[in-house]
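Q: Here is a sequence together with a model predicted from it:
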Amino acid sequence: MKYLEQIVICNNELSNVNWIRDNKFNFHYVNDHEKTFSGMTIGDIIFHMNYLNKKYPKANLPVWFEITNNGLEIADKLTYILMECLCYYYLNYENRNIRIFWGPEPTILTDGIRKSPLIHLNKKFSKKIFSEKFLSDESDTHYRKVYRLSDKEGDPFYQSVIQTELDLFLKKMDIKRESSEKISEICAELIGNTFEHARSDCLIDIDLTDSHGKEEKGVIVDGEFKGVNIAIVNFSDKLLFEDIKHKLNSEELTGEKYKKIMDAYKKHTKFFDDNYPEDFFYYLAATQLGISGRKQIQDVGGTGLYVLLQSLIEDSDLSNCYVLSGKHIIIFNDDYLFENEEQWMCYNEEKNFVDFPPNKNIIGGCPIFFPGTAYNLNFVIEVEQ
């Protein structure tokens with residue numbers, strides 16, 4: 001997967017805690033205290049592996065990851081997808097044998113762990129099956145594929161192929177057709193953004209949970225509902241905001257939308273601090289309709305994220321939806337996500353992107369540097385009766 005190695009290269013800290021070596025020269029990373037497997041755990045694993053590489057360069061020693069806490073939970077879908085990416089890297093780039101021993105408790109948001117290729121690195125180890133299923137896997141309730149930039153460049157209709165494949169999978173689900181079409185459009189747009197802006201491959205993983213009930217403000221809602229959990233990941237040497245930041249600071253912009261966003265920037269400079277860094281403004285700019293990082297374009301663009309956000313606004317059944325790039329996370333908190341009459345995406349109670357700063361509850365940080373862009377999306381969708 002293009003640029004996958006960057007997740008290790010960009011996080012070059014070292015840690016030498018909890019390494020245990022057995023008499024067969026297997027190295028054991030033992031973590032028996034984590035209650036939640038999170039980005040902090042991912043960072044800890046990378047830093048431990050960096051130490052091992054420094055101490056035993058080119059040794060390719062086998063490693064067992066043992067996350068043994070009873071009742072272990074996984075923070076969200078994207079977290080275990082990143083663990084899959086790490087394991088794929090160590091298996092195929094460093095040519096190690098990697099095993100993982102854990103027993104996480106699936107929740108509605110992490111139910112897909114039961115279908116993860118990581119199960120083939122557990123008691124029944126198969127590097128071949130893990131690697132195959134990392135790149136492509138499909139069942140009635142699970143869709144996984146790495147879409148290649150090289151395929152896109154060789155096929156002018158590749159974006160339509162992606163849309164068709166997603167449509168065919170989502171049609172098999174017994175969720176409302178309108179919802180499945182919306183999800184398909186969102187995913188295809190975000191994959192297209194990867195090709196156009198990140199110039200990289202894109203991994204998508206979708207899983208559908210079992211039916212369950214739903215409550216709203218303590219009242220049981222009629223009907224059956226399913227969770228649709230999605231992770232979309234690209235690794236790249238370009239972060240989500242970089243093209244737009246460069247454009248806004250280097251081009252003479254005459255388009256009305258661009259004039260307005262430059263006006264917003266000037267007003268936001270007085271709000272910038274450690275909790276709202278300047279670069280975060282450019283992340284928010286990247287979500288606006290009609291704002292493109294492409295050179296000399298001032299009247300179109302900026303549709304992928306905007307389509308996603310429109311959908312999130314329309315559907316209030318959200319949980320833990322966010323986008324991660326570099327060290328920053330935009331949390332799509334539906335208490336502070338609004339589209340105003342001028343078609344600006346606003347992230348504050350004032351419903352005014354230009355004049356007011358984003359609410360602090362939509363600004364998050366990542367314990368590692370993520371080289372690229374990754375989405376964690378969860379929808380609760382009504383089952384078709």
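A: Thanks, I have the structure now.
Q: Give me the residues contacting the helix or strand N50 falls within.
A: Under the criterion of DSSP states H and E, N50 resides in helix 39-55. Contacts to helix 39-55, defined as C-beta atoms under 8 Å, 6 or more residues apart in numbering, come from residues 7-8, 11-19, 27, 29, 31, 34, 61, 63, 65, 67, 75, 79, 82-83, 86, 90, 94, 366-368. C-beta here means a position set from N, CA and C on the backbone, and glycine is covered the same way.
Q: So for it, what gets flagged as buried?
A: By 16 or more other C-beta atoms under 10 Å, the buried positions in helix 39-55 come out as 39, 41-50, 52-53.
Q: Next one: the spatially closest residue to L203 that is not a sequence neighbour relative to L52, how far apart?
A: Leaving aside its chain neighbours, L203 sits nearest to V233 (4.5 Å; criterion: C-beta to C-beta, 6 or more residues apart in numbering). Computed with C-beta to C-beta, to the nearest Å, the distance linking V233 and L52 is 25 Å.
Q: just C346 next, same as before
A: Going from C346 to L52 by C-beta to C-beta gives 47 Å.
Q: now swap in D243 and tell me
A: Relative to L52, D243 is positioned 36 Å away (criterion: C-beta to C-beta).
Q: so where do the strands sit in the stretch 151-300 of the chain?
A: With strands called from DSSP state E, counting those that start in this stretch, the stretch 151-300 of the chain shows them at 202-208, 212-216, 219-235.
Q: Please enumerate the helices of the stretch 1-150 of the chain.
A: All helices of the stretch 1-150 of the chain, identified by DSSP state H, counting those that start in this stretch, fall at 6-9, 39-55, 77-92, 127-135, 149-154.
Q: just how off-centre is the longest one within its chain?
A: On the basis of C-alpha atoms, centre = their mean, to the nearest Å, the separation between the geometric centre of helix 39-55 and that of its chain is 21 Å.
Q: And the first one, by the same measure?
A: If you compare the mean C-alpha spot of helix 6-9 with that of the full chain, they lie 16 Å apart, counting by C-alpha atoms, centre = their mean.
Q: neighbours around the nearest residue to C187 once chain neighbours are set aside, how many?
A: Spatial nearest neighbour of C187, chain neighbours left out: L166 (5.4 Å); criterion: C-beta to C-beta, 6+ apart. Neighbour count for L166, taken as other C-beta atoms under 10 Å: 23.
Q: What residues does L166 make contact with?
A: With contacts defined as C-beta under 8 Å, 6+ apart, the neighbours of L166 are Y143, I183, S184, C187, A188.
Q: would TSV of the residues you listed with pLDDT be doable?
A: What follows is the contacts of L166, written out as TSV (pLDDT from 0 to 100):
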residue	pLDDT
Y143	95
I183	86
S184	88
C187	91
A188	90
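Q: Between the residues you listed, which sits nearest L284?
A: Distance from L284 was checked for each of these by C-beta to C-beta. The minimum falls on C187, at 21.9 Å.
Q: these two touch, right, the closest one and I204?
A: Yes - with contacts counted by C-beta atoms under 8 Å, C187 reaches I204, the gap being 6.0 Å.
Q: and for those two, which residues touch both?
A: Between them, C187 and I204 share these contacting residues under C-beta under 8 Å, 6+ apart: I230, I232.
Q: Could you pull up the residues touching I9?
A: Contacts of I9 (C-beta under 8 Å, 6+ apart): P371.
Q: ok, Y93 - how many residues close by?
A: Quick note: Y93 (other C-beta under 10 Å) scores 12 neighbours.
Q: ok, back up a step: filter the contacts of helix 39-55 to the buried ones?
A: When the contacts of helix 39-55 are checked against 16+ other C-beta under 10 Å, the ones flagged as buried are 7-8, 11, 15, 27, 29, 31, 34, 63, 65, 67, 75, 79, 82-83, 86, 90, 94, 366, 368.
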